[in-house]
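> Here is my input, please return the structure:
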Amino acid sequence: MNDTAETISHPFRVHNFRAYWVSRFAMTLAQYAMLLIIGWQTYNIARDGGMSIAEASGQLALIGLLQFLPLFVLTPFSGLAADRFDRRGLAQLTVVLQLLCAAALAWFTWSGTISIPILFGIAIVLGVARGFAGPALSALAPNLVPKAILPTAIALSSIAWQVGMIGGPALGGYLYSIEPALPYAVATALFAVSTIALGLIGKVPQPAVRKDQRPIGAIVDGLRYVVHNKMVLGAITLDLFAVFLAGATALFPVYARDILGVGETGLSQLAMAPAIGAAVIAAWFSFRPIKTNVGPKMLGSVAVFGLATIVFGLSTSMPLSLAMLFIVGAADMFSVYIRQSLIQLHTPDDKRGRVSSVSLLTISASNEGGDFFSGSLAFLIGPVAAVVAGGAGAILTVLLWSGLFPVLRSTKTFDPPEDLLKQDNKTDSQET
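Residues are numbered from 1 along each chain as shown. The predicted structure follows:
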């Protein structure tokens, strides 16, 4: 970054970041409208076909597994791709692939030929697309703004994500009640907007590629960095285990239809509640970013996340359930904001794609893998017991990680170590 860039006080003053923000917002809006309806259609087809609640929950578990497996296999290579190729172009290709998935689901739903095998097949393709999209977009963001305002940019990017999570389920649920194919048609249009917005991003810095390093060696180098950096490893794995155990989102269709009895509009509200809580926290951080005791605050927010999940699991009241999910989302956003800021600021630019791919893999393991775990556990012990046990597991994870990674308890600010600052400054001077 040059001196002029360093004087920029807010990310929205940067054209490239504005285009990136619009793209991420449109893509997230489309994703969550589509993913909600995929789960709803899968559960309803299974129940209407004579499956029990437990058996239909197992189908939701498979949806999560089929999205996670491609991410698990491809993520190390997608992270390398984000460090070797144009991140903007790579992200565009993944959005186009998701656009094709949405268009296919719109057609099958409109023609009345939608089925569980088709939904499973689309879930696999979405897993491939998201596997490459995550590292490219995560590694691209730090290249768009000066380092001094990166935490604010991360908060604003999180707002795009969280507002998309709010609007996406609302679009999905309410549009589905009008015409089942409509959510997918709108998602197709939103993916098109996202593709165009990415195309408006100008040239951004790309880290130099080491010509003496083979692809497998580069992947191993990125993994080695994560393992040796206890701050990055602790932050990534804390989220992995906490959300993996306490992921209740896969069971929203079960709660909406068979526990709370609120139907597809209630399903939208359940999906929106945590996103609203997260968006409120992200908006707050965009104006009042955290500056002190970041490690202890991250651990505390994960504990609150687990406790609210337990109360949600036991609730049979829609207002109480929505309130607990609001707290779940707020606590999760609190943790995400701190974790992403620490990871981005504690990772050299030439490794951000690979480190972001490891972070994405853990996020996928905690989300899609957590969906599989929650659905499978619900099949074995029932949905309520599965959610409560998961929340307790998240609290236990906080206690264990506080002892295993004392650096998380002792970290007071986002400031990276001096040797990393020198490395990034050297990279910047080489680029200019």
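
> which residues sit against stretch 386-399?
Residues from elsewhere that reach stretch 386-399, judged by Cβ atoms under 8 Å, 6 or more residues apart in numbering: 238, 241-243, 245-248, 251, 299, 302-303, 305-314, 373-374, 377-378, 380-381. Bear in mind the C-beta positions are built from the backbone N, C-alpha and C, glycine included.

> Restrict that stretch to CA atoms and write it as CSV.
Provided in CSV are the C-alpha atoms of stretch 386-399 (Å, rounded to 0.1, in the frame of the first residue of the first chain):
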residue,chain,number,x,y,z
ALA,A,386,-29.0,-33.6,20.3
VAL,A,387,-29.2,-29.8,20.6
VAL,A,388,-28.8,-29.7,24.4
ALA,A,389,-25.8,-32.0,24.3
GLY,A,390,-24.2,-29.9,21.6
GLY,A,391,-24.5,-26.7,23.6
ALA,A,392,-22.9,-28.4,26.6
GLY,A,393,-20.1,-29.6,24.3
ALA,A,394,-19.4,-26.0,23.2
ILE,A,395,-19.0,-24.9,26.8
LEU,A,396,-16.7,-27.8,27.5
THR,A,397,-14.6,-26.8,24.5
VAL,A,398,-14.1,-23.3,25.9
LEU,A,399,-12.8,-24.8,29.2
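
> so how far is that stretch from its chain's centroid?
20 Å (Cα atoms, centre = their mean, to the nearest Å).

> May I see the buried residues of that stretch?
By neighbour count with 16 or more other Cβ atoms under 10 Å, stretch 386-399 contains the buried residues Ala386, Val387, Val388, Ala389, Gly390, Gly391, Ala392, Gly393, Ala394, Ile395, Thr397, Val398.

> before we move on, what SS does Lys412 have?
Secondary structure, DSSP: H, G, I helix; E, B strand; the rest coil: Lys412 is coil.

> Need phi/psi at it.
The phi and psi values for Lys412, taken as degrees, to the nearest 10, are phi -100, psi -30.

> so who does Ile310 touch?
Val387, Val388, Gly391, Ala392.

> By residue count, tell me the biggest helix in this structure.
Secondary structure of the chain per DSSP state H: the longest helix is helix 15-48.

> what about the next helix or strand after that one, distance to the chain center?
Next along the chain after helix 15-48, taking DSSP states H and E as the criterion, comes helix 53-84. Centroid displacement of helix 53-84 relative to its chain, using Cα atoms, centre = their mean, is 13 Å.

> Show the average pLDDT along helix 53-84.
On average, the pLDDT along helix 53-84 is 76.

> repeat for stretch 393-413
Rounded mean pLDDT across stretch 393-413 is 85.

> Start and end of it, how far apart?
Its start and end residues considered, stretch 393-413 measures 28 Å (Cα to Cα, to the nearest Å).

> how distant is it from the center of its chain?
Using Cα atoms, centre = their mean, the offset of stretch 393-413 from its chain centre is 21 Å.

> Could you do stretch 298-310 as well?
Centroid separation for stretch 298-310 versus its chain: 18 Å, with Cα atoms, centre = their mean.

> CA atoms only: put that stretch into CSV for me.
Taking Å, rounded to 0.1, in the frame of the first residue of the first chain, the C-alpha atoms of stretch 298-310 are listed here in CSV:
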residue,chain,number,x,y,z
MET,A,298,-13.6,-14.5,22.2
LEU,A,299,-13.6,-17.4,24.7
GLY,A,300,-16.4,-15.8,26.7
SER,A,301,-18.5,-15.3,23.6
VAL,A,302,-18.2,-19.0,22.6
ALA,A,303,-19.4,-20.0,26.1
VAL,A,304,-22.5,-17.7,25.8
PHE,A,305,-23.1,-19.4,22.4
GLY,A,306,-23.2,-22.8,24.0
LEU,A,307,-25.5,-21.7,26.9
ALA,A,308,-28.0,-20.1,24.5
THR,A,309,-28.0,-23.2,22.4
ILE,A,310,-29.0,-25.3,25.4
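
> Tell me where the stretch 301-432 of the chain has helices.
318-345, 352-381, 383-404, 406-410, 418-431 (DSSP state H, counting those that start in this stretch).
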